[in-house]
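*Asks:* Build the 3D model from these lines:
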Amino acid sequence: MNTQSVIASYLPLIGQGRWFSTLPPERQQQLLAHAIVQKVPAGMALFLRGDANAGLYCVLEGALLIGAVSAGAREATLGLLEPPQWFGEIALFDDGPRTHDAHARVASRVLLVPRPALQRLMAADPVWWHHLGQLLAEKVRALFVSLEDMAVLAAPARVARRLLAMANGHGMLASGLTHHTIAVSQEQLGAMLSLTRQTVSEVLRDFEAHGWLKRRYGAIELLDLDALGRIGETL
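*Replies:* The predicted structure is shown next:
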């Protein structure tokens, strides 16, 4: 199967992303016409902080952890990317290196629109800057919400809101779509929220006792989104 046939098989999935689904059909075709598919084995890095910008990515299978390692070897997990989230647009605007590491949490597949192809599209039609700016704005909105949650919410509300945010791809899934199973461990969730694993475990245990979610190995299944939403509204 050639590359375009492989990409065509993922079109229903890619179309579930809010950003891609709002692009005019001809622009969707332009973007995918230049794309390639890459496999990322579990635990391997797609890129590391400081790496050169290779282009724009979309998660097709699996999940990628976004984070960094400090000079003192302290790891920070900032987020989890699942299908069909797009990422990597920051470096397109400032022409800088990658800001963080991206590791495959499990065996994954990503779509890559190479940087030279994107540069040709943007040079030929500056409206592409507007489209990519919309993608960047989605990330900035999600970041501001996350920072506010960490500043003002107690642990249960913080956990509930992050789980719901991940369920809807941090606002990046098309309207009406929700992921009910989140491929994240308790330790990773704690790292994202600056909470200890013990605190996250206690919160999730309480949520599970109420029937709002189910803890699974390396994942969390959300059973009652409305109840989690009510908890998330608690300041």
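*Asks:* What sits closest to the spatially most central residue of the chain if chain neighbours are left out?
*Replies:* In the chain, the residue lying closest to the centroid (CA atoms, centre = their mean) is residue 81, at 2.7 Å. Of all residues beyond its chain neighbours, the one nearest residue 81 is residue 64 (4.6 Å), with distances taken as CB to CB, 6 or more residues apart in numbering. (Glycine included, C-beta is placed from N, CA and C.)
*Asks:* ok so, going back, mind listing what the residue nearest to the centre of the chain touches?
*Replies:* 59, 63, 64, 65, 66, 87, 102 (CB atoms under 8 Å, 6 or more residues apart in numbering).
*Asks:* Assign the fourth one to helix, strand or coil.
*Replies:* Spelled out, that is residue 65. Secondary structure state of residue 65, per DSSP: H, G, I helix; E, B strand; the rest coil, is strand.
*Asks:* Quick check: it touching residue 82?
*Replies:* No: the pair residue 65 / residue 82 is not scored as a contact, 10.6 Å apart, by CB atoms under 8 Å.
*Asks:* Against which helices or strands is the longest helix along the chain packed?
*Replies:* The longest helix of the chain (DSSP state H) is helix 127-152. For helix 127-152, the elements it packs on are helix 18-22, helix 90-94, helix 115-124, helix 155-167, judged by 3 or more CB pairs under 8 Å, 6 or more residues apart in numbering; DSSP states H and E.
*Asks:* angle of the last one against helix 127-152?
*Replies:* If I follow you right, that is helix 155-167. 160 degrees (axes from the mean of the first three to the mean of the last three CA atoms, to 10 degrees).
*Asks:* ok, then the element right after helix 155-167?
*Replies:* strand 181-182 (DSSP states H and E).
*Asks:* Any idea how far that next one is from the middle of the chain?
*Replies:* 13 Å (CA atoms, centre = their mean, to the nearest Å).
*Asks:* average pLDDT across that strand?
*Replies:* Per-residue pLDDT over strand 181-182 has a mean of 92.
*Asks:* which other residues reach the helix or strand that that strand is followed by?
*Replies:* The first helix or strand that comes after strand 181-182 along the chain, using DSSP H and E, is helix 186-193. With contacts defined as CB under 8 Å, 6+ apart, helix 186-193 is touched by 65, 67, 75-80, 105, 150, 155, 158-159, 162-163, 184, 195-197, 199-201, 204, 215, 220.
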